[in-house]
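> Give me a 3D structure for the following:
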Amino acid sequence: MDQSFVIQEILAEGENCVIAVQCLVLVDNVIESRLLGLVERTKEHALFVFTHRRMAITGEDVTLYDIFPISNDFAVVEVSSADELSFVGADTRVRLNFQDGDLEVRLPFGSHSRLFLSEVNKAWSDVCKSPKEAPKFEWLHKYRKASKGQGGVKQTLAPLGTTHTKISQHKETGNSLNAVSRSPVEGNKRVNSGVERPRVESGPESQGKVKREGWDELKREGRHDLVRQSSHTASNKATMLAMPQFGLRDNLIRCELLKNEDIYTYLENFSFFIGTYNVNGQTPKESLRPWLGSTSTPPDMYCVGFQELDLSKEAFFFNDTPKETEWMKAVSEGLHPDAKYALVKLVRLVGIMLLFYVRNEHAKHISEMEAETVGTGIMGRMGNKGAVAIRFRFHNSDICVVNSHLAAHIEEYERRNQDYKDICSRLLFRQHDPALVPLTIMKHNVVLWLGDLNYRLSDLDVDDVKDLIAKKDFETLHSYDQLKRQIDEKAVFVGFVEGEIGFLPTYKYDTGSDQWDTSEKCRVPAWCDRILWRGKNVRQLHYQSHMDLKTSDHKPVSSLLEMGIKLVNEESYKNTFEEIVRSLDKMENECIPSVTLSRREFHFIDVKFMQHQAETLTLHNDGQVPCQFEFIQKLDERTYCKPWLTANPAKGFIAQGGNVDIDLEVFVNRSTATELNAGRQQIEDILVLHLDRGKDYFLSVSGNYLPSCFGSSIQTLCQLRDPIQEMPLETIRELTLSGDETRTLIIDKPLDIPKEIWQMVDHLYRNAPKQGELFQQPGLRSEFVEIRDCLDTGMPDSLPGSNHSVAEALLIFLDALPEPVVPFSLYQQCLECCSNTSQCKKVVSLLPQCHKNVFNYIAAFLRELLKHSTHNSLDVNILATIFAALLLRSPTKQDLAEKRKTQEFFQHFLVQDLS
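Presented below is the predicted three-dimensional model:
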């Protein structure tokens, strides 16, 4: 996670934290955690080193420890040992050299560390370009002075240019990262890592110390068995650090290698153990060996997923839980006893966690490891539902593993379908070359999907289900399964395979037993926990539940898959590579790239708020050589297109005679709707498509946007008695652009509040005061479209859709307001008086009349909901957390302390009747 925003809070005006990374350093034989930030001011850069609490969330959580200016004497040197270089589980060790001093750090492996080192390298390169103009770093003096008397700096900083205390005294030989070079092919063999490090304990004074012996113990337990010499490993780790850009030639070689893969690869089978377990917020109470060690022979790899790891509010709001360590330990102890395993990656989003283990002898063949998360909760932001995923290359096969927890409740199968589609579209893996398009889930040779998918049994009551279970008639029972029906209808998981189910439903049991749910709700048993796969050369050896485990109200499930992995024949690979290079050399000397475009004009009709439209452009390479294309910026413009437009992919390459489809996508959201509603922007743009070593092509994009109440101001909507799309565009434009005095002339008496807000709130007031999980469970995207059209056109007379969809539409409406209900100009006053009820009331009295009406109307509605809290389970904290973020938006980036103050401010209007 980039924690640059934490550092930014303590910086002076004009200073910018470009990027930050958490690292480990050695101080007095003790490993400590540090936060390392690259800070820039007027083209000068310095590395700020901070001590920090366990999870740095605000500026109050960090203390400045030291500053290292990036000058001519600066250098980055890799000091990882040969053992670390050849082991997938090792952190990256680099030494940052300064004038008469150095700082050695361990960086966690991953794309963010690569990006950090790339930015540091870039800053140093800028200094080298002007060696005669040495930076002065005068802006750093105030931080040194802060240590005298104010306690702003934990350690008094040495004067700039003097000798720094060396945090580590290691003097291993290393190579400057700026001198790294490689062949294009070596980039495809990089060894990456993500293995769990020794845990850093937290405390007010320790700042996260662990004993040095921890590293040695880790090596004794596993690392020494994983060390393998490799001709390309060292250069590839260094390549990762320098992170050079791939050029056209590299991409063409890679493309040709991919096309000829069958020539130099062969298949070998490996076993993958896939497990999923919804633990219902419990701690481990029993051994996991009956589940994880259930195979006759030890698997080659484990992918173990958990859901509902922690159900506490702390986990939900701060994504921090001690149960991560507890369950990770239980898994490590439960793996098959006849093999040694290394933990390669752990990724978690609130209560959704995925662990990836490999047998020690396979670790050196894992590369290109990445992890991502996506939340699918309310407004697509909350992480109580969603997915975590990893992707990696094993030998020459690309594999993606997804662990998801989809929407609950028997009737919500459409919402589960939507969650699946959201995960597929929003979960993107950044590639090692940042210039390349991110990888989607489906862009892998094999996809493994596991988790609590929450699909239930439909059209059967609980007694019928239990009767079929007693008969072990799983085939008949499976015909009522929602997931099977949705797959048969091709609504979800198209191209995926699930093995035959021959085990009892895995939900819901009384905790601690094999007894079906005996609570008042008496849930219908269901196969909520599932494992599916997509790809070739995969065979399932078993698919079963594990009834011995009784910790949760779910039973764990496992699948053992035998997978054909592509291994490389080195001699064939070398010959293929050399042939491709010779062929490219000849073509590059003889030919100029050329493409044919399927069309050059694109028109988008009736574009609407938050409704995706796409048109396809097909490029055909009619030249004699492969070519690389890219949409480039026009003169004096920061991006290649308007913010409501995207080209996907925006760059790429095309083999000779090949085709590439590019989707030109239009999507208007809160950041672009206001300008389009006001007529200050139109659906018009010109795209420039550039061919490397070739010519430019110009594409015309046009269309019309239908104005929406979403993204319109409160003042404008109070002037409209009719739906916004029934008003002439000139009237809307005049209302948006004119001042208050002119507005009063449009109609005799403005509305007290926008009718759209009244419609949504009134609907919820009449239909949803006792609705469970209101404002917490998302609605359906298709129903939001109907609600938006109803508000914008006036048809039909009443709002369509479920209560959850209307509730989410209200939140989206408030979020899209160009000026929030509490105007930006009063935001600071709200923070200053948040603990004083009477002062809070006074601030609200200063709101413009229509804004004040909306504020009081929404607060009164929420107080009414709280009267039914026994049914809807809402409380003041939940409502304040959700609505304060929308009613009191910050004009700049909002930190956690400010968020808490806005919640405290709004709570005054929820706990008492202020009418």
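
> shaky segments in the stretch 251-400 of the chain?
Along the stretch 251-400 of the chain, the parts satisfying pLDDT under 70 run over 313-320, 380-383.

> residue boundaries of the strands in it?
If DSSP state E, counting those that start in this stretch is used as the criterion, the strands of the stretch 251-400 of the chain fall at 265-278, 301-307, 341-349, 352-359, 366-375, 386-394, 397-405.

> Turn those into a markdown table, including distance to F824 and mean neighbour count.
Where C-beta positions appear, they are placed from N, C-alpha and C, glycine not excepted. Converted to a markdown table, the strands of the stretch 251-400 of the chain look like this (distance: least, CB to CB, whole Å; neighbours: other CB atoms under 10 Å):
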| stretch | distance to F824 | mean neighbour count |
| --- | --- | --- |
| strand 265-278 | 43 | 21 |
| strand 301-307 | 40 | 27 |
| strand 341-349 | 31 | 23 |
| strand 352-359 | 36 | 25 |
| strand 366-375 | 27 | 21 |
| strand 386-394 | 31 | 25 |
| strand 397-405 | 37 | 25 |
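
> Other residues contacting stretch 801-815?
The list of residues contacting stretch 801-815 from outside it, by CB atoms under 8 Å, 6 or more residues apart in numbering, reads 378-379, 610, 670, 709-710, 756-757, 760-761, 763-764, 767-768, 771, 773-775, 777-780, 783-784, 786-788, 791, 799, 820-821, 882-883, 886-887.

> Report the buried residues of it.
Residues 801-815 are the ones in stretch 801-815 that count as buried (16 or more other CB atoms under 10 Å).

> tell me the centre residue of the chain?
Geometric centre of the chain, nearest residue: T373, 4.3 Å, by CA atoms, centre = their mean.

> Excluding residues flanking it in the chain, which one is nearest that residue?
Closest residue to T373 apart from its sequence neighbours, by CB to CB, 6 or more residues apart in numbering: L349 at 4.0 Å.

> circling back: between the strands of the stretch 251-400 of the chain, which gets nearest to L504?
When these are compared by CB to CB, strand 265-278 sits nearest L504, at 15.2 Å.

> Parallel or antiparallel, list what pairs with that closest one.
Next to strand 265-278 in the sheet, as set by DSSP bridges, lie strand 301-307 (parallel), strand 557-568 (antiparallel).

> Can you give the distance of it from its chain's centre?
25 Å (CA atoms, centre = their mean, to the nearest Å).

> For Q681, give me its contacts.
Taking CB under 8 Å, 6+ apart, we find Q681 in contact with 642, 644, 672, 675.

> Assign it to helix, strand or coil.
coil (DSSP: H, G, I helix; E, B strand; the rest coil).

> secondary structure element for K490?
Using DSSP states H and E, K490 falls within no helix or strand.

> ok, now I605?
For I605, the host element (DSSP H and E) is strand 601-607.

> same thing with A885?
Going by DSSP H and E, A885 is part of helix 876-887.

> Check which residues of that helix are buried.
So, applying 16+ other CB under 10 Å, buried residues of helix 876-887: 876, 878-887.

> picking that back up, from the buried residues of stretch 801-815, which ones fall inside helices?
Taking DSSP state H, the ones among these that sit in helices are 803-815.

> can you redo the residues you listed as TSV with distance to E40 and pLDDT?
Formatted as TSV, these follow (distance: CB to CB, whole Å; pLDDT from 0 to 100):
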residue	distance to E40	pLDDT
N803	49	95
H804	45	94
S805	45	95
V806	46	97
A807	43	96
E808	40	95
A809	41	96
L810	41	97
L811	37	96
I812	36	95
F813	38	97
L814	36	97
D815	32	94
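
> out of those residues, who's nearest E104?
Out of these, the member with the shortest distance to E104 (by CB to CB) is D815, at 45.2 Å.

> shaky segments in the stretch 801-915 of the chain?
In the stretch 801-915 of the chain (pLDDT under 70), the answer is 912-915.

> Please enumerate the helices of the stretch 351-500 of the chain.
Using DSSP state H, counting those that start in this stretch, the helices of the stretch 351-500 of the chain run over 413-426, 462-470, 474-478, 482-488.

> before we move on, the earlier item: quick one: buried residues of the next helix-or-strand element following the helix holding A885?
Sequence order places helix 896-907 as the next helix or strand after helix 876-887, per DSSP H and E. Applying a neighbour-count criterion of 16+ other CB under 10 Å, the buried positions in helix 896-907 are 896, 898-907.

> Quick check: of those, which lies closest to E13?
Closest to E13, out of all of those and judged by CB to CB, is E898, at 17.7 Å.

> tell me the mean pLDDT for the longest helix along the chain?
In the chain, assigned by DSSP H, the helix with the most residues is helix 570-590. For helix 570-590, mean pLDDT rounds to 83.

> Any buried residues in that helix, and which?
So, applying 16+ other CB under 10 Å, buried residues of helix 570-590: 573, 576-577, 580-581, 584, 587-588.

> Which strands or helices does that helix pack on?
The criterion is 3 or more CB pairs under 8 Å, 6 or more residues apart in numbering; DSSP states H and E, and the helices and strands that helix 570-590 contacts are helix 248-259, helix 261-264.

> The helix or strand just after that helix - what's its average pLDDT?
In the C-terminal direction, the helix or strand that comes right after helix 570-590 (DSSP H and E) is strand 595-597. For strand 595-597, mean pLDDT rounds to 96.

> starting at the chain centroid, how far to strand 595-597?
The mean C-alpha position of strand 595-597 is separated from the chain mean by 35 Å, CA atoms, centre = their mean.
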